[in-house]
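1. Below are the sequence and a predicted model for it; my questions follow.
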Amino acid sequence: MEHHHNHNHGHHHHVEGKNLLFSIVLNIVITVAQAIGGVISGSLSLLSDALHNFSDVLSLVFSYVAHKLSRKKASNDQTFGYKRAELIAAFVNALTLISVALFLVYEGIERFFNPQPIKFGLVIWLSILGIVANGLSAVMLKNDADKNLNMKSAYLHLFTDMLASVAVLIGGFLMKYYQWFWVDSILTLIIAIYLIIVGFDLLKESTQMLMLFTPSHIDVNEIISEVHKIPGVKKLHHIHVWYLNEEELHLEAHLDCSEDIKMSEFNILLDKVEHILFEKFHINHINIQPEYKKEEDSKDFIVQD
């Protein structure tokens with residue numbers, strides 16, 4: 001079986017793990033401050049925000065560990081290394097986003113029907129702290145989030161934390177000047193709905209990669225059509241296309257040759273196939289099994305092995 005690893009990664013990006021580490025430290029400070037402030041002020045929303053931040057600390061730590069693992073080299077026991085660790089982290093983080101959102105929905109409804117007076121001064125100052133710290137962390141990860149699903153999950157946690165702190169701040173001012181204690185519940189529900197939406201999108205994307213689904217932008221029939229245009233190709237079949245991680249898009253398939261050619265001639269044919277697959281579909285890991293008049297029960301394009 002011929003294997004080709006195209007070293008010209010069209011989608012390779014260097015992600016800064018140190019930004020994630022800095023965000024972890026900031027979130028630990030915020031969590032402790034908001035938890036203490038929530039107890040002193042009697043603010044359930046502040047305690048909920050502290051819980052949200054605590055879930056973020058766990059998620060960020062998980063993302064950081066996964067990021068480090070993904071850089072470890074392959075070995076005899078782990079032939080792919082830990083390249084899928086960041087996909088697992090993104091999947092878990094998506095689940096925690098949705099879980100926290102459901103908890104906030106419950107707490108928001110409970111608080112709406114049972115509003116309580118709060119020491120709003122402490123709430124206002126601690127929410128400002130949350131906005132500044134989470135906002136700074138989110139800005140630091142924004143560039144990495146555009147390139148890496150694991151970093152995107154960490155960024156979404158921080159960004160929604162910042163929004164939650166904004167909601168707490170608005171609620172604090174409304175409680176201070178208008179005694180509208182119920183508004184905190186409404187803002188909490190809005191944030192929770194947003195969390196569910198972004199969490200579901202992230203969960204769907206990470207699940208598709210973990211399940212080795214064909215990427216949504218890849219049309220297998222188009223791949224077949226393009227490869228079949230190459231002289232010497234009879235049929236491309238037994239095709240599988242998947243992401244190992246966000247930087248490595250793999251294809252494996254069987255290639256029926258139209259002539260009984262030598263291996264050196266097949267290498268020339270393979271170069272043409274690899275060029276088409278990389279240039280038009282950005283597939284950078286290609287594994288092709290050559291065949292000539294091989295009798296099989298199935299020559300379908302897609303085969304469940």
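-> Received, thanks. Numbering: from 1, shown residues only.
2. Spell out which residues make up each domain of this structure.
-> Per automatic domain parsing, the domain ranges recorded for the chain read 2-210, 220-291.
3. and the shortest one, what's its mean pLDDT?
-> Okay, so that is domain 220-291. Average pLDDT, domain 220-291: 94.
4. before we move on, back to that, the domains of the chain: lowest mean pLDDT?
-> domain 2-210 (a mean of 79).
5. can you give me the offset of that one from its chain's centre?
-> Computed by C-alpha atoms, centre = their mean, to the nearest Å, the chain-centroid distance of domain 2-210 equals 13 Å.
6. Could you point out the longest strand of the protein?
-> Across the chain, the longest stretch assigned as strand under DSSP state E is strand 233-245.
7. mind listing what the helix or strand just after that one pairs with, with the direction of each?
-> Downstream of strand 233-245, the next assigned helix or strand under DSSP states H and E is strand 248-257. Paired strands of strand 248-257, with direction, are strand 233-245 (antiparallel), strand 285-291 (parallel) (DSSP bridges).
8. Can I get the ones you listed in a markdown table including mean neighbour count and distance to Ala145?
-> Where C-beta positions appear, they are placed from N, C-alpha and C, glycine not excepted. What follows is the strands paired with strand 248-257, written out as a markdown table (neighbours: other C-beta atoms under 10 Å; distance: least, C-beta to C-beta, whole Å):
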| stretch | mean neighbour count | distance to Ala145 |
| --- | --- | --- |
| strand 233-245 | 18 | 16 |
| strand 285-291 | 18 | 24 |
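9. Redo those strands as TSV? Include distance to Leu149.
-> Formatted as TSV, the strands paired with strand 248-257 follow (distance: least, C-beta to C-beta, whole Å):
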stretch	distance to Leu149
strand 233-245	8
strand 285-291	18
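10. closest to Val57 out of those?
-> Val57 lies closest, by C-beta to C-beta, to one member of these: strand 233-245, at 24.5 Å.
11. Name the surrounding residues that touch that closest one.
-> 70, 80, 83-84, 86-87, 209, 212-215, 218, 220, 223-224, 227-228, 249-258, 269, 273, 283, 285, 289, 299-303, 305 (C-beta atoms under 8 Å, 6 or more residues apart in numbering).
12. ok, now with 7 Å
-> Around strand 233-245, the neighbours that count as contacts under C-beta atoms under 7 Å, 6 or more residues apart in numbering are 70, 80, 83-84, 86-87, 209, 212, 214-215, 218, 220, 224, 227-228, 249-258, 299-303.
13. picking that back up, what's the closest of the strands paired with strand 248-257 to Val198?
-> Among the strands paired with strand 248-257, the nearest to Val198 by C-beta to C-beta is strand 233-245 (20.5 Å).
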